[in-house]
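Peer 1: Sequence below, structure please.
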Amino acid sequence: MSGLLIVMAWAVLAGAPLQGEPPDEEATTAAIGDAPAAGPLVPPGPPLSPLDDASTSLEVTLLAGVWLPRLVGNVALGGPMIGLEDEFDLDASEALLNVELAIRKDEVWELWFGGFDFATSVGGAFLGSGATFGSLVLSNGTPYSSRLDITSVAAELSVTVWRPFADGHSREMGQHNRTWDGHYGTDLRFSPQFGMRYIDVDQSVTTAAGTVDTGGEWLGVYAGMVMELDYRPQERVHGFTLFRFQMSTALGPVLGGDGGFMWQIRVGSTIQFTERIGVMVGYRLLELNADNGGYTFNGGLQGMFLAGSIMF
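Peer 2: Model (predicted):
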């Protein structure tokens, strides 16, 4: 037993360098050569930030389609108010071209332009119990014809002030709110709106006693709010890239004539089949209560709006 211990101790001492003896250079070199070479020290970089918004800095949307409004309200010319619907019978739905253009810059600023030219006419027996319109006397059953035209163009500026699902907000969902191409999956925005609208109303009424032409021109200056909700699928889906719901409402005074006020509502849902092409189904309402030289127009247009959407 003691012999075995002596042999083991001798083997250990033979393989270890003596105290103060330098280590074997060949062994050291071999050990260093076998180890992977260490590169230069690189300080850790900043943490990865959320993906940049993939939306371009300039987005242009063109809506061109058919508005199907009907005329509602009352008018007067030196006499009592006459109903456009139940007395003049001018409330038939008309199809007219309506074009709207929106230009968005840096996801904050947006310019909107829109316009239309509406016309409706009717002829038959007057349905009221009796009224005057300028120099004309309209009794129940009086044969008459009437035409009313409304032409309007508008320009608006809106500024996004709150996007609760965008980066940096309390409800931001980080990369969980990103789609496959870097857009926000859900994007809700609120934007104050400021605009001007030119409105020209022309009405004519004809009976056996003659024809009366009247109307007025006004410039509306208004303010309101725009709400927009976008949804994009997280994964790539062919035939569907974006669902957008928009709603805006505004009101303000009108200048010109004897003054008055106006208000409007726009609502629409858009489905983009590609990043460029889509369709929109919506509703448009424009109401005007204004006077001009004895002529009072207290009514407006309201109806469905169907349009094609082009984004670029």
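
Peer 1: Just give the number of residues close to Gly239.
Peer 2: Neighbour count of Gly239, defined by other CB atoms under 10 Å: 8. From N, CA and C alone the C-beta is placed, and that goes for glycine too.

Peer 1: Please tell me how far it sits from Gln272.
Peer 2: 10 Å (CB to CB, to the nearest Å).

Peer 1: go on, Val254?
Peer 2: 36 Å.

Peer 1: Strands of the stretch 151-300 of the chain, start to end?
Peer 2: In the stretch 151-300 of the chain, the strands defined using DSSP state E, counting those that start in this stretch lie at 186-207, 210-231, 242-255, 260-272, 277-292, 295-311.

Peer 1: Residue ranges in the stretch 151-300 of the chain under the pLDDT threshold?
Peer 2: Low-confidence segments of the stretch 151-300 of the chain (pLDDT under 70): 167-175.

Peer 1: Could you chop this protein up by domain?
Peer 2: Domain assignment for the chain by automatic domain parsing gives 2-33, 58-311.

Peer 1: Redo the strands of the stretch 151-300 of the chain as JSON lines? Include mean neighbour count and distance to Gly124.
Peer 2: Shown next, in JSON lines, are these (neighbours: other CB atoms under 10 Å; distance: least, CB to CB, whole Å):
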{"stretch": "strand 186-207", "mean neighbour count": "18", "distance to Gly124": "12"}
{"stretch": "strand 210-231", "mean neighbour count": "17", "distance to Gly124": "16"}
{"stretch": "strand 242-255", "mean neighbour count": "18", "distance to Gly124": "32"}
{"stretch": "strand 260-272", "mean neighbour count": "19", "distance to Gly124": "30"}
{"stretch": "strand 277-292", "mean neighbour count": "19", "distance to Gly124": "26"}
{"stretch": "strand 295-311", "mean neighbour count": "20", "distance to Gly124": "20"}
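
Peer 1: nearest to Val66, of those?
Peer 2: strand 295-311 (5.4 Å; CB to CB).

Peer 1: which helices and strands sit right next to the closest one?
Peer 2: With contacts taken as 3 or more CB pairs under 8 Å, 6 or more residues apart in numbering; DSSP states H and E, strand 295-311 sits against strand 58-77, strand 96-105, strand 186-207, strand 210-231, strand 260-272, strand 277-292.

Peer 1: Out of these, which gets nearest to Ala131?
Peer 2: Closest among the helices and strands packed on strand 295-311, using CB to CB: strand 58-77, at 8.6 Å.

Peer 1: Check the offset of the following helix or strand past the closest one from the chain's centre.
Peer 2: Remark: after strand 58-77, the chain's next helix or strand is strand 82-83, criterion DSSP states H and E. Remark: strand 82-83 is offset 36 Å from the chain centroid, using CA atoms, centre = their mean, to the nearest Å.

Peer 1: With stretch 134-142 instead?
Peer 2: 46 Å.

Peer 1: now the end-to-end length of that stretch.
Peer 2: 15 Å (CA to CA, to the nearest Å).

Peer 1: Touching it from outside, list them.
Peer 2: 77-79, 82, 125-132, 144, 205, 207, 209-210, 212, 214 (CB atoms under 8 Å, 6 or more residues apart in numbering).

Peer 1: Selecting buried members of those in ChimeraX, what would you type?
Peer 2: Selecting the buried subset of the contacts of stretch 134-142 in ChimeraX, with 16 or more other CB atoms under 10 Å as the burial test, is done by:
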select :77,82,126,127,128,131,144,205,207,212,214
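
Peer 1: quick revisit: output the helices and strands packed on strand 295-311 as a markdown table; include the columns distance to Met247.
Peer 2: Shown next, in a markdown table, are these (distance: least, CB to CB, whole Å):
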| stretch | distance to Met247 |
| --- | --- |
| strand 58-77 | 15 |
| strand 96-105 | 14 |
| strand 186-207 | 11 |
| strand 210-231 | 5 |
| strand 260-272 | 5 |
| strand 277-292 | 9 |
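
Peer 1: Please identify which of those is closest to Thr151.
Peer 2: Going by CB to CB, the one of the helices and strands packed on strand 295-311 nearest Thr151 is strand 186-207, 4.5 Å.

Peer 1: packing partners for that closest one?
Peer 2: Short answer (3+ CB pairs under 8 Å, 6+ apart): strand 186-207 packs on strand 136-138, strand 143-159, strand 210-231, strand 242-255, strand 260-272, strand 277-292, strand 295-311.
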